[in-house]
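Peer 1: Just to be clear, the model below is a prediction. Sequence and coordinates:
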Amino acid sequence: MSSDAATHRAAPWRSPLAIVGVAALILVWCALWGSFSFANVASGSVVAVVAAWPVLGQASLAERVRPVALLRLVGPVLADLATSTVHVAWEALTPTDHTQESVIEVPLPSEARAHLLVMVIAITLTPGTAVVDADPDSGVLYLHLLHDDRRSATTRQVERLAALVAAALPAADTSSQTPKEATS
């Protein structure tokens, strides 16, 4: 391996974003254990490096995650979570049942299909909407809605989330690579 190739592979670990990401994982580990001790920092470091290895060991973090676009994704997901929680709580507390449940099918654009799991999590996180099935081959999500009259708004929201996910987590383009490059 040439020294340029070795430097290129080591560079993702030295980026400020990688250091902040690993440090954040260590802090989360310590918070989960409830104390900031040497043992928790040491074990958290091991867990953080192992967790970050698939991303940082393959390509530069900038190629895998776009931080500004990721913030543009997290904002709407959190806003949906807050407003949907209020709506579902209101439904639960009012004596009259205003729900009209339905299952709809929403096709994902091709650029979001690589992130099917992220889409399922983002959608299911929102109260009142749940992914009941997903077809990875066709990229179709089947969603359970509490309010059928929100069908078109939900479809637009899923399309918006798909665009945000694709922008935040660009998929590797293997169409222009040779088979050997695509697997290495």
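Peer 2: All right, it came through fine. This structure is a prediction, so every number in the text was calculated from the model and none was measured.
Peer 1: And the residue sitting nearest the centre point of the chain, what's its pLDDT?
Peer 2: Ranked by distance to the mean C-alpha position of the chain (CA atoms, centre = their mean), the top residue is residue 118 at 3.8 Å. pLDDT recorded at residue 118 is 83.
Peer 1: Kindly report the same for residue 105.
Peer 2: The pLDDT attached to residue 105 in the predicted structure is 94.
Peer 1: That one belongs to a strand, doesn't it?
Peer 2: Yes. Under DSSP: H, G, I helix; E, B strand; the rest coil, residue 105 falls within a strand.
Peer 1: Next one: it from residue 157, what distance?
Peer 2: Using CB to CB, to the nearest Å, residue 105 is found at 15 Å from residue 157. In this view, the C-beta of every residue, glycine as well, is placed from N, C-alpha and C.
Peer 1: Neighbour count for these two, which is higher?
Peer 2: residue 157 (18 against 12; other CB atoms under 10 Å).
Peer 1: How much space separates that one from residue 94?
Peer 2: Taking CB to CB as the measure, residue 157 and residue 94 are separated by 24 Å.
Peer 1: what bits of the chain have low per-residue confidence?
Peer 2: Scanning the chain for pLDDT under 70 picks out the ranges 1-18, 53-64, 172-184.
Peer 1: quick one: the helices in it?
Peer 2: Chain-ordered helices for the chain, with DSSP state H as the definition, fall at 3-14, 16-33, 38-56, 61-64, 67-93, 116-124, 151-168, 179-183.
Peer 1: mind putting these in JSON lines, distance to residue 142 included?
Peer 2: Written out in JSON lines, the entries for the helices of the chain read as follows (distance: least, CB to CB, whole Å):
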{"stretch": "helix 3-14", "distance to residue 142": "37"}
{"stretch": "helix 16-33", "distance to residue 142": "33"}
{"stretch": "helix 38-56", "distance to residue 142": "29"}
{"stretch": "helix 61-64", "distance to residue 142": "29"}
{"stretch": "helix 67-93", "distance to residue 142": "19"}
{"stretch": "helix 116-124", "distance to residue 142": "11"}
{"stretch": "helix 151-168", "distance to residue 142": "11"}
{"stretch": "helix 179-183", "distance to residue 142": "31"}
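Peer 1: tell me which residues of stretch 112-124 are tucked away?
Peer 2: By neighbour count on 16 or more other CB atoms under 10 Å, the buried set for stretch 112-124 is 112, 113, 114, 115, 116, 118, 119, 120, 122, 123.
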